[in-house]
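Engineer: Following is a predicted model, sequence given first.
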Amino acid sequence: MQPPSPLEEELAKHLAEVVWRWKRASRMQEGFALRLAKHANLTREDRLHAQMMRLKMTEESLRLLVQSVARRHYVTTPQDLEKMKNLHQEGVLKEMGEIALALFYQLRAPGTDENCVDEMENARRVVEQVKEIFGIGLHPPYAPPAKVTPDSSPPQQIQPNAQGGVAPGTSPAPADVAPDFSPAPADLKVGATQEEKDERYPKITAAEWEARERPRQLLENILTRQVAIFETQRNALLKESLAGPSPYERAAEIALAHPDVALMQRMEESSFRQIWRITNLLLKLKCQAREGES
């Protein structure tokens, strides 16, 4: 600046200090951005892995719901409804979650509450809880043993001998008692047809089953589409983790999020305004000095 007067010399010194503070404000912001970038590099793999795990869990839950809804005569179960409620509360399905939840409510069995529990069954459970609390209708834990005569002995089983007869000392089975060929509980489930399973819901008529088919198909299509969306997102995250951060991702990671970022920006702007004012003042003083010399 070559200040010819003491005033201009002081202004030049102050201008140098303001320029240094201006550069320092810029270095503060760049240093904080560098710190954010280093922290993002350290946590990037864990962050992407956690996102992929959340997408995988949501995808598996939706696949299970699709398998349940894929049955032709489907009725909403409490387990499926609870699973859908959890997905809706997490907000992963967004607007489609509300539509799917409404369809699950529409496919409830007649005579059930909002939780798909039979009203009569719910009332019975309440009565049992009340009886348990007050000890009504409960059997004593240790009942007195029944009187048994000393010479009484339990009946012996029939053991045939090698010739096909009855072993001595055993009593033959009564002739008028038919053998027990009742099927086991597990055998009842083998070979059960769809019509037999539908007998669990006698309140639903054939016309109602036909009317429920369209919302069931719509619900199945929505859930299947959501499964495909989450699978695509998970594959995209996998490719992103292998390719490394892009320039756009890096720019988003180093975005200033410090609570004092506004203060640092105001410091930079204030220093720049001071530089502008001091420079204008020095230029005016030089112009006046030239005019005085002329």
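Structural biologist: Noted; the coordinates are in hand. Numbers count the residues shown, from 1 in each chain.
Engineer: from here on, contacts and neighbour counts on C-alpha atoms
Structural biologist: OK.
Engineer: quick one: residue 222 from residue 240, how far?
Structural biologist: Distance from residue 222 to residue 240, counting by CA to CA, to the nearest Å: 27 Å.
Engineer: Ok, residue 266 next?
Structural biologist: Residue 266 is 37 Å from residue 240, by CA to CA.
Engineer: Residue 287 now?
Structural biologist: Taking CA to CA as the measure, residue 287 falls 61 Å from residue 240.
Engineer: next one: residue 50
Structural biologist: 14 Å.
Engineer: what's the answer for residue 280, then?
Structural biologist: 52 Å.
Engineer: Just list what the helix or strand containing residue 239 packs against, helices and strands only.
Structural biologist: Secondary structure assignment for residue 239, by DSSP states H and E: helix 206-243. With contacts defined as 3 or more CA pairs under 8 Å, 6 or more residues apart in numbering; DSSP states H and E, the packing partners of helix 206-243 are helix 6-69, helix 95-106.
Engineer: now those in JSON lines, with mean neighbour count and mean pLDDT?
Structural biologist: Converted to JSON lines, the helices and strands packed on helix 206-243 look like this (neighbours: other CA atoms under 10 Å; pLDDT from 0 to 100):
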{"stretch": "helix 6-69", "mean neighbour count": "15", "mean pLDDT": "89"}
{"stretch": "helix 95-106", "mean neighbour count": "16", "mean pLDDT": "91"}
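Engineer: Figure out which of those helices is closest to residue 292.
Structural biologist: Evaluated over the helices and strands packed on helix 206-243, closeness to residue 292 peaks at helix 6-69, with 15.8 Å, by CA to CA.
Engineer: For the next helix or strand after the closest one, give the mean pLDDT please.
Structural biologist: For helix 6-69, the following helix or strand on the C-terminal side (DSSP H and E) is helix 78-90. On average, the pLDDT along helix 78-90 is 91.
Engineer: Number of residues surrounding the spatially closest residue to residue 18 that is not a sequence neighbour?
Structural biologist: In space, and not counting its chain neighbours, residue 18 is closest to residue 271: 5.7 Å by CA to CA, 6 or more residues apart in numbering. The number of residues packed around residue 271, counting by other CA atoms under 10 Å, is 22.
Engineer: Wait, residue 271 touches residue 15, no?
Structural biologist: No: between residue 271 and residue 15 there is no contact under CA atoms under 8 Å: 9.6 Å.
Engineer: re earlier: what mean pLDDT does whichever helix or strand comes after the helix holding residue 239 get?
Structural biologist: On the C-terminal side of helix 206-243, the nearest following helix or strand under DSSP H and E is helix 247-253. The average pLDDT for helix 247-253 rounds to 78.
Engineer: mind listing what residue 68 touches?
Structural biologist: residue 74 (CA atoms under 8 Å, 6 or more residues apart in numbering).
Engineer: Checking my notes, residue 280 in a strand, right?
Structural biologist: No: judged by DSSP: H, G, I helix; E, B strand; the rest coil, residue 280 forms no part of a strand; its state is helix.
Engineer: per-residue pLDDT, it?
Structural biologist: Reported pLDDT for residue 280: 92.
Engineer: Would you mind measuring from it to residue 15?
Structural biologist: 11 Å.
Engineer: what's the answer for residue 60, then?
Structural biologist: As judged by CA to CA, residue 60 and residue 15 stand 65 Å apart.
Engineer: repeat for residue 40
Structural biologist: 38 Å.
Engineer: got it, and residue 117?
Structural biologist: Here the criterion is CA to CA. By it, residue 117 lies 79 Å from residue 15.
Engineer: Next: residue 68.
Structural biologist: Distance, residue 68 to residue 15, by CA to CA: 75 Å.
Engineer: related to what we said a few turns ago, the residue nearest to residue 18 in helix, strand or coil?
Structural biologist: Assignment for residue 271 (three-state DSSP): helix.
Engineer: so how far is residue 11 from it?
Structural biologist: Computed as CA to CA, the residue 271 to residue 11 distance reads 14 Å.
Engineer: again with residue 42
Structural biologist: 47 Å.
Engineer: Skip the chain neighbours and tell me the closest residue to residue 52.
Structural biologist: In space, residue 52 is closest to residue 234, 5.5 Å off (CA to CA, 6+ apart).
Engineer: wait, the one you found sits on residue 54?
Structural biologist: No: here residue 234 lies out of contact with residue 54, judged by CA under 8 Å, at a distance of 9.2 Å.
Engineer: got a list of what residue 8 touches?
Structural biologist: Counting by CA under 8 Å, 6+ apart, residue 8 makes contact with 282, 285.
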